[in-house]
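K.L.:
the following comprises the amino acid sequence and a computationally predicted model.
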Amino acid sequence: MDCPNNHGKMELKRLPKEVTFRGRLVKYRPEHFVCRSCGLVADDWKLAASNQKALADSYRREVGGDAQDGGMRRRRKDGLWRLEFSL
Ligand SMILES: [Zn+2]
């Protein structure tokens, strides 16, 4: 991914993050594109999807194995199975 401010290729970085998800503090390490020149942080759709999954996985680890699917549920939409957060 290129920086929208014309700084060329952005670097892929893993940035540790803490968020409150479903009333719990969840730590996870999402990946983002970061510009070396201006520090702009961006995701493409693939990163957004994998970061969402990383958050769900961490949440599941937090609450323990018996929480089925964590906050995720599967829904059939447009003929495809999608994972969705049920907030
Ligand atoms: Zn930039």
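P.N.:
All right, it came through fine. Residues are numbered from 1 along each chain as shown.
K.L.:
which residues of the protein lie near the ion?
P.N.:
By Cβ under 5 Å from the ion, the part of the chain that sits against the ion consists of Cys3, Asn5, His7, Cys35, Ser37, Cys38, Leu40. Yep, even glycine has a C-beta here, placed from its N, CA and C like the rest.
K.L.:
now do the helix or strand hosting Asp57, average pLDDT.
P.N.:
For Asp57, the host element (DSSP states H and E) is helix 45-63. The predicted model assigns helix 45-63 a mean pLDDT of 91.
K.L.:
emit the PyMOL select command for whichever of the residues of the chain next to the ion are buried.
P.N.:
A single PyMOL command selects the buried members of those (16 or more other Cβ atoms under 10 Å):
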select buried, resi 3+35
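K.L.:
find the nearest non-adjacent residue to the residue nearest in space to the middle of the chain, please.
P.N.:
Closest to where the C-alpha atoms of the chain average out (Cα atoms, centre = their mean) is Asn51, at 1.9 Å. Distances taken as Cβ to Cβ, 6 or more residues apart in numbering put Pro30 closest to Asn51, at 3.8 Å, once the chain neighbours are dropped.
K.L.:
you'd agree the one you found is up against Lys53?
P.N.:
No - applying Cβ atoms under 8 Å as the test, Pro30 and Lys53 come out as separate, 9.9 Å apart.
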